[in-house]
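> Below: sequence and its predicted model.
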Amino acid sequence: MTDIFLEGGRALIGSELVETSVLVSGTDIAEVDASRGRARLAIDACNLLVLPGIVDLHGDAFERQMMPRAGVDFPIDVALADSDRQAISNGITTVFHATTCSWEPGLRSVDNARGLMEAIERQRPQFAADTRFHLRHETYNLDAEAEIGQWLAEGRVDLFAFNDHMDGTVGDMAKPRKRNRMVERTGLSGEEFDRLVERVLSRASEVPASVSRLAATARAAEVRMLSHDDATPAMRQEYRALGADIAEFPINEETARAAAAAGDAIVYGAPNVVRGGSHTGWTRASDMIAKGLCSVLASDYYYPAQLLAAFRLAADGVLPLTEAWNLVSAGPARATGLTDRGVLAEGRRADVLLVDDSVPLRPRPIAVISGGKLVHLADATRLLAAAATPREAVVVA
């Protein structure tokens, strides 16, 4: 693997931005405050930020590549390859594809989740980003419990989330526009969808025991767990007792405070920060961050959002950039147990992002290094001349 020398950027080292040069060797960061040595590939990082690669523990924008319009499908391998390019070009070097496994047929069905998991496993060596599988289990999907348990036991799931959108589904059935969107996604007729929801609801009493069994399987397999849209401190406590110590999108401050008090990781969506609020009308992420009630920002449904959100937080005076960046790098790495990344330090995985921050609120990725490989370069003029190779000495007889 080619060594890479990053010359003279403003690198995030610890909690400070430091003018320095960084040497990447193999898959790791070899040296900070380095000299070029024999590195044949060098990049001029002058006037650029040198930041740890982004870790995205919840991104489902790949669904848009799979089904860009309702009823219009594209092959999973094509969709994943395109999603990988989008993630990398936005500085995401570790991506957890958040895959909903629901009682619905269609885009969020167990068949689709299985196909996506298998495609990720098959294509993983081809991806530029370190690509992992985040299974979002709809708790009412009781028919899939045995198969999901097997995936967990076999180590095929990297993150496991408990989702319960049933109340929202029932509420949306009374709203024609939202109901039509749900029905289109499943490929069913309206009448078939109604019957399906009725059948699923009739088994509500079986859900708690199913959740407990799957949580036990995940604990045994040492798979990290999340709970989604916690509505109350009691709900957060229940999931924490099952081993789910990541609170994903708690819907009110009271619940977020309970999570923080217990030391849980707290995830909000980066699009919420960029847009200035939640598209659902729930918690405003910037307010939670200002109060110390958020440790992770995820791309959620828009890959550019993490990069943009960190700079938006700094511009708005919510956090300095050095702290805001932790929400998209060190924070999610820590929450997911990936201790080899998320910071720029010797011996850590070489996931590095070079950013032009000259235009306010519009950071531009110039280069991305993932696992020691240069996988994205937006400005070839930044490449420095190859280092001279020492000539062998000539012995004169």
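Great, that's in hand.

> What residues of the least confident helix or strand in the chain by mean pLDDT count as buried?
One helix or strand of the chain scores below all others by mean pLDDT, DSSP states H and E: helix 166-172, with a mean of 79. Within helix 166-172, the residues that count as buried by 16 or more other Cβ atoms under 10 Å are 166, 169, 172. No exception for glycine: its C-beta is placed from N, CA and C like everyone else's.

> most centrally placed residue in this structure?
Closest to where the C-alpha atoms of the chain average out (Cα atoms, centre = their mean) is Asp56, at 1.7 Å.

> Next one: Val328 from Ser295, what distance?
11 Å (Cβ to Cβ, to the nearest Å).

> domains in the chain, as residue ranges please.
4-52+345-382, 54-335 (automatic domain parsing).

> picking that back up, just the residues contacting the helix or strand hosting the residue nearest to the centre of the chain, thanks.
In this assignment (DSSP states H and E), Asp56 forms part of strand 54-59. Outside strand 54-59, the residues that touch it by Cβ atoms under 8 Å, 6 or more residues apart in numbering are 87, 90-98, 134, 159, 161, 248, 267, 269, 296, 298-301, 303, 306-307, 328-329, 332-333, 335-336, 338, 341-342, 353.

> which residues in the stretch 101-250 of the chain form helices?
110-123, 145-153, 166-172, 176-186, 190-201, 207-220, 233-241 (DSSP state H, counting those that start in this stretch).

> For Val22, find the nearest of those.
helix 110-123 (29.7 Å; Cβ to Cβ).

> Out of the buried residues of helix 166-172, the closest to Thr232 would be?
Of these, the one sitting nearest to Thr232 (Cβ to Cβ) turns out to be Met166, at 16.4 Å.

> now the closest one, nearest residue through space, not along the chain?
Tyr140 (5.3 Å; Cβ to Cβ, 6 or more residues apart in numbering).

> Tell me who's in contact with that neighbour.
Contact analysis of Tyr140 by Cβ under 8 Å, 6+ apart lists 103, 164, 166, 200-201, 203-204, 207.

> What is the least confident helix or strand of the chain packed up against?
When contacts are defined as 3 or more Cβ pairs under 8 Å, 6 or more residues apart in numbering; DSSP states H and E, helix 166-172 sits against helix 176-186, helix 190-201.

> Could you dump those helices into a markdown table with distance to Gly26 and mean pLDDT added?
Shown next, in a markdown table, are the helices and strands packed on helix 166-172 (distance: least, Cβ to Cβ, whole Å; pLDDT from 0 to 100):
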| stretch | distance to Gly26 | mean pLDDT |
| --- | --- | --- |
| helix 176-186 | 44 | 82 |
| helix 190-201 | 50 | 89 |
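
> Export these to CSV and append columns for mean neighbour count.
Output for the helices and strands packed on helix 166-172, formatted as CSV (neighbours: other Cβ atoms under 10 Å):
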stretch, mean neighbour count
helix 176-186, 15
helix 190-201, 14
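
> between these, which gets nearest to Gly281?
Of the helices and strands packed on helix 166-172, nearest to Gly281 by Cβ to Cβ is helix 176-186, at 13.9 Å.

> Centre of the chain to the closest one, how far?
Centroid separation for helix 176-186 versus its chain: 27 Å, with Cα atoms, centre = their mean, to the nearest Å.

> What separation do you get for the nearest residue to Ala298 once chain neighbours are set aside and Asn272?
In space, and not counting its chain neighbours, Ala298 is closest to His58: 3.9 Å by Cβ to Cβ, 6+ apart. Separation of His58 from Asn272 (Cβ to Cβ): 12 Å.

> Between those two, which contacts overlap?
Counting by Cβ under 8 Å, 6+ apart, the shared contacts of His58 and Asn272 are Asp300.
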